[in-house]
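**Q** Okay, sequence plus prediction incoming.
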Amino acid sequence: MNLFSDIRGAVIEALAAMTVAGQLPEGLDMTAVAVEPPRDPAHGDMATNAAMVLAKPAKLQPRAIAEALAARLSADPRIALAEVAGPGFLNLRLDPSVWQGVVRSALTEGADFGRSALGQGQKVNVEFVSANPTGPMHVGHTRGAVFGDALASLLDFAGYAVTREYYINDGGAQVEVLARSAFERYREANGLDPEIREGLYPGDYLIPVGEALKATYGTSLLDQPEAAWLQDVRDFAIERMMAMIREDLALLNVRMDVFASERAITASGRVEEAITTLRGMGLIYDGTLEPPKGKLPEDWEEREQTLFRSTAFGDDVDRPVQKSDGSWTYFAPDIAYHWDKISRGFDQLIDVLGADHGGYVKRLKAVVSALSNGKVPLDVKLIQLVKLFKNGEPFKMSKRAGTFVTLRDVVEQAGPDVTRFVMLTRKNDAALDFDFDKVLEQSKDNPVFYVQYAHARLCSVLRKAHEAGIAVADNDLAVADLSGLTHPAEQELARKIAEWPRLIEIAARNNEPHRLAFYLYELASVFHGLWNRGNEDPGLRFLQEDNPATSQTKIALARAAGVVISAGLGILGVDPAEEMR
């Protein structure tokens, strides 16, 4: 049940009737007509912009349209009052039975309340994390992992067929550096002093890799030249690093559907295939780029390269795909990877990248548009930095990692629930401060505690009601008499519950799972407010002594809120919590 969609349907029907009656001209585009919560709740339960957006194409005064529309909507039994405001805004107040119906729908639909058919089964690939397999994941990867996983769950809830994917960057020079770093730890495991020279990875996390290499190869590699051991050590180290990354993701309850390998995609001939496809479109040519703006790099030279005509798709400059020596640029495997995803039949692609990849957005969008003939949209979500604090000071770096705070460090300090929720309390492209002291507080200022506490309070009510012999199973509450839910504070909670299906569609359309965290905090705030009012007004308490029927009515409202909290936290990957510890 999407109440806002239902009332918008009533508005569209009324506008159609006005057209038949000659009050509006035919052929008006109703796409921009919206029904949404008013900015000021005192103005009503919902508001529509219909008169404002139709006035100009209809060549009528907006207030005249609004008054005629109000007259027709007033005949709808769900609408208690349709009131014109200002130049032509239309505010609606709904009959209390409508809010009671929302509560009943939440109880009847349960975990599926708010689930949408928006996606219509479209196949969406969400590629996220994709950390280089050269070490443990850091706090920035943590935020990207949480965002990507929550976004995938949100899109699934909104009716899309979602694939979670991790791209293993195992084809570049960095994995050879990994191999050389691991070899030094292998030498260490064999009793030799490791030479962790500049440019190698210094973290202690490679010590177990060196020991595992010794267990597998003994001393047989020690006297071999690099060319003899580099490939084997590289493959061995990548496998161990990916096992560690999988373990780290599991700490956050993140599971990938696909791990795609850069090396495998390159070996399959996808790079040549993608470039050949682009060349056939006339989008690959040999040319010389203008020198970069600003300070000219000392090693820059004007030379002919093989270029992708990226500017034809909105990019600032054309992009090199092959160097003058015949080797591929870093961009070429990215082209091949996105060509591979397009070839697998995805309807939409979403890349979740670190903020330092901002310069790649235009070229990626350009090549996906070219390779898909504009049929497959690519949305690139950039993840901004996370600043960690503890005891009022920046959180110290991890010796194990060598140079950064790891995902494991964060989860071990805060736990997966807190980590996940707090990482979603800011939009992905806004910087986030993660203060370990604040996120572990049991107070209203700690959003995850505040939301979980609301669900725990509901569970305590259900337990006490059950002990009192009151039937509080969802199917019992769904058939309870809800006509007593007329107090403004109770209706406020029902109105907030009614926003859930609408919010799902808005968040899914914009690929913004952080909206759910904000909404859940607001819903919890309304719930706690009603609970606290019950301390002053016994008639508002969820559990009414010696009155099972009234208790059922009020508990039905609380349980409906619990349905939404549980579903929302589930999408965010957070445990609803039945008891607070």
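**A** Cool, the structure landed.
**Q** can you pull the pLDDT of E393?
**A** For E393, the pLDDT comes out at 86.
**Q** what is it paired to in the beta sheet?
**A** Legend: beta-bridge partners of E393 under DSSP bridges are K390.
**Q** Could you check how far the residue sitting furthest away from the middle of the chain is from N190?
**A** Most distant residue from the mean C-alpha position of the chain: D223, 50.1 Å away (Cα atoms, centre = their mean). In this view, D223 and N190 are 11 Å apart by Cβ to Cβ, to the nearest Å. Every residue, glycine included, has its C-beta placed from N, CA and C.
**Q** Could you list the low-pLDDT ranges of the chain?
**A** Residue ranges of the chain with pLDDT under 70: 295-301, 397-403, 581.
**Q** What residue spans form the domains of it?
**A** Under the assignment automatic domain parsing, the domains of the chain span 3-94, 128-258+384-440, 444-572.
**Q** Looking at those domains, which is nearest to G114?
**A** G114 lies closest to domain 444-572 among the domains of the chain, at 4.2 Å (Cβ to Cβ).
**Q** How far does that closest one stretch from one end to the other?
**A** Criterion Cα to Cα, to the nearest Å; first-to-last residue distance in domain 444-572 is 19 Å.
**Q** now swap in stretch 32-40 and tell me
**A** End-to-end span of stretch 32-40 (Cα to Cα): 21 Å.
**Q** Check the offset of that stretch from the chain's centre.
**A** Centroid separation for stretch 32-40 versus its chain: 24 Å, with Cα atoms, centre = their mean, to the nearest Å.
**Q** List the buried residues for it?
**A** Neighbour counts over stretch 32-40 (16 or more other Cβ atoms under 10 Å) mark V33, V35, P37, P38 as buried.
**Q** cool, and stretch 234-243?
**A** Residues of stretch 234-243 classed as buried by neighbour count (16+ other Cβ under 10 Å): R234, F236, A237, I238, R240, M241, M242.
**Q** so the first one is in which element?
**A** Here R234, judged by DSSP states H and E, is contained in helix 226-251.
**Q** Show me the contact partners of the helix or strand following that helix.
**A** Next along the chain after helix 226-251, taking DSSP H and E as the criterion, comes strand 258-261. Residues from elsewhere that reach strand 258-261 (Cβ atoms under 8 Å, 6 or more residues apart in numbering): T163, R164, E165, Y166, Y167, I168, D170, G171, M242, Y337, D340.
**Q** which among these end up buried?
**A** Buried among the contacts of strand 258-261 by 16+ other Cβ under 10 Å: T163, R164, E165, Y166, Y167, I168, D170, G171, M242, Y337, D340.
**Q** Would you format those as TSV with secondary structure and distance to G210 included?
**A** Converted to TSV, those look like this (DSSP: H, G, I helix; E, B strand; the rest coil; distance: Cβ to Cβ, whole Å):
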residue	secondary structure	distance to G210
T163	strand	35
R164	strand	32
E165	strand	31
Y166	strand	25
Y167	strand	27
I168	strand	22
D170	coil	19
G171	coil	23
M242	helix	17
Y337	helix	31
D340	helix	34
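**Q** Wait, a strand at T306?
**A** Yes. The assignment for T306 (DSSP: H, G, I helix; E, B strand; the rest coil) places it in a strand.
**Q** residues contacting it?
**A** Counted by Cβ under 8 Å, 6+ apart, T306 has contacts I275, I284, Y285, D286, P320, V321, Q322.
**Q** rerun that using 10 Å as the cut-off
**A** 275, 279, 284-287, 320-324, 326, 328-329, 332 (Cβ atoms under 10 Å, 6 or more residues apart in numbering).
**Q** repeat for D318
**A** By Cβ under 10 Å, 6+ apart, D318 lies in contact with 283-285, 287, 289-290, 305, 307-312, 363, 366.
**Q** hang on, the earlier thing: just want the phi and psi numbers for the residue farthest from the centre of the chain.
**A** With angles defined as degrees, to the nearest 10, D223 sits at phi -100, psi 10.
**Q** and what of P37?
**A** Main-chain torsions, P37, degrees, to the nearest 10: phi -60, psi 140.
**Q** and the helix holding R234, how far from the chain's centre?
**A** Its chain's C-alpha centre lies 29 Å from the corresponding centre of helix 226-251 when counted by Cα atoms, centre = their mean.
**Q** swap in stretch 15-35?
**A** The answer for stretch 15-35 is 36 Å, by Cα atoms, centre = their mean.
**Q** what's that stretch in contact with?
**A** The contact list for stretch 15-35, computed with Cβ under 10 Å, 6+ apart, reads 3-12, 46-54, 57-60, 64-65, 68-69, 71-72, 90, 92, 502.
**Q** picking up where we left off before, in a markdown table, list the buried residues of stretch 32-40 along with distance to A456 and secondary structure.
**A** Listed next are those as a markdown table, based on distance: Cβ to Cβ, whole Å; DSSP: H, G, I helix; E, B strand; the rest coil:
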| residue | distance to A456 | secondary structure |
| --- | --- | --- |
| V33 | 41 | coil |
| V35 | 34 | strand |
| P37 | 28 | coil |
| P38 | 32 | coil |
